[in-house]
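Undergrad: Output the structure for:
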Amino acid sequence: MTIEEFFKENNKIAIAFSGGVDSSYLIYEAGKCGADVKAYYVKAQFQPEFELEDAVKLAKEVNVAMEIINVDVLKDEKVVQNPPNRCYYCKNAIFSTIIKKAKEDGYDVIADGTNASDDAGDRPGMKALAEMKVLSPLKMCGLTKDEIRRRSKEAGLFTWDKPAYACLATRIKTGQKIDESTLKKVEECEGFMMNLGFSDFRIRVFDNSAKIQIREDDLSRLLSERTVVINKLKKHFDDVFLDLGNFR
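TA: Sure, this is the predicted structure:
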């Protein structure tokens, strides 16, 4: 099945939209194929502000209707407790809200941006999507991350080379309770490093310590910015560590 064939069969569809590479390409294709499509962006504590800004910009550029839905994911104690399958409970909270709103708007088919490179074996969130019958057109059509980036570049989408950005909850070690204060610390510190020019990295939280994971190519530049980075992160964390493993 091609993506064009998918939208021919599903020409009235709601898409869970994050502003990332995959869902951006998906709404672009939906619009290009002439589908009646609406994008739903969930604004929750796990999404940084720049993702919303990118989503709004992309939706305007491809002329697809977008609605922002506010969801308090920390109302669910299972999410707060941060077990290994936390993503399962979080996806349930987010997508049940999207599905409810989409159906109120007349959309019975719901899709997300999961692609053919995503491994379902270690993705409890994908189990939740399957249970809720959320379709993944990019995966169904065999489109890998690299292919999506290539097509996005050809289409002129600014998201084509956007680094992957997992939700902020992934920064907190499994089993450590998630709270809004810690999420805001991570968002602020990662935003600070982005302003320094770093684009592919993570700040992981262990208790009240921060561990920086960054690509090997950026290690020397990070060390040259060592003082300013430490001074910033020390405002929020007791200790700051650098992971010498190669960040992927």
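Undergrad: Tell me how many other residues surround residue 173.
TA: Using other CB atoms under 10 Å, residue 173 is surrounded by 13 other residues. (Each C-beta comes from the backbone N, C-alpha and C, glycine too.)
Undergrad: Now do the contacts for it.
TA: Shown in contact with residue 173 (CB atoms under 8 Å, 6 or more residues apart in numbering): 82, 204-206.
Undergrad: Then residue 8?
TA: residue 33.
Undergrad: can you list contacts of the host helix or strand of residue 80?
TA: In this assignment (DSSP states H and E), residue 80 forms part of helix 77-81. Residues outside helix 77-81 that contact it (CB under 8 Å, 6+ apart): 73-74, 86, 89-90, 93, 169, 177-179.
Undergrad: Could you list the low-confidence segments of this structure?
TA: Scanning the chain for pLDDT under 70 picks out the ranges 120-122, 246-248.
Undergrad: Flag every buried residue along the longest strand seen in it.
TA: Longest strand in the chain by number of residues, with DSSP state E as the criterion: strand 36-43. Buried residues in strand 36-43, counted by 16 or more other CB atoms under 10 Å: 37-42.
Undergrad: Output the helix holding residue 80 as PDB, nothing but the C-alphas.
TA: This file holds the C-alpha atoms of helix 77-81, laid out as PDB (Å, rounded to 0.1, in the frame of the first residue of the first chain):
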ATOM      1  CA  GLU A  77      -1.200   8.200  39.400                       C
ATOM      2  CA  LYS A  78       0.000   5.300  37.200                       C
ATOM      3  CA  VAL A  79       1.800   7.900  35.100                       C
ATOM      4  CA  VAL A  80       3.200   9.800  38.100                       C
ATOM      5  CA  GLN A  81       4.600   6.600  39.600                       C
END
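Undergrad: could you point out which element follows that helix?
TA: Next element after helix 77-81 (DSSP H and E): helix 86-104.
Undergrad: Return the distance of the one helix or strand residue 190 maps to from the chain's centre.
TA: Using DSSP H and E, residue 190 maps to helix 180-195. Remark: helix 180-195 is offset 15 Å from the chain centroid, using CA atoms, centre = their mean, to the nearest Å.
Undergrad: again, but for stretch 141-152
TA: In this view, stretch 141-152 has its centroid 17 Å away from the chain centroid, taken as CA atoms, centre = their mean.
Undergrad: Restrict it to CA atoms and write it as CSV.
TA: Extracted in CSV, the C-alpha atoms of stretch 141-152 (Å, rounded to 0.1, in the frame of the first residue of the first chain):
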residue,chain,number,x,y,z
CYS,A,141,3.0,1.8,4.0
GLY,A,142,6.5,0.7,5.0
LEU,A,143,7.9,4.2,5.3
THR,A,144,11.1,4.3,7.4
LYS,A,145,12.5,7.3,9.3
ASP,A,146,15.1,7.9,6.6
GLU,A,147,12.6,7.8,3.8
ILE,A,148,10.3,10.1,5.6
ARG,A,149,13.1,12.6,6.1
ARG,A,150,14.0,12.4,2.4
ARG,A,151,10.5,12.9,1.3
SER,A,152,10.0,15.7,3.8
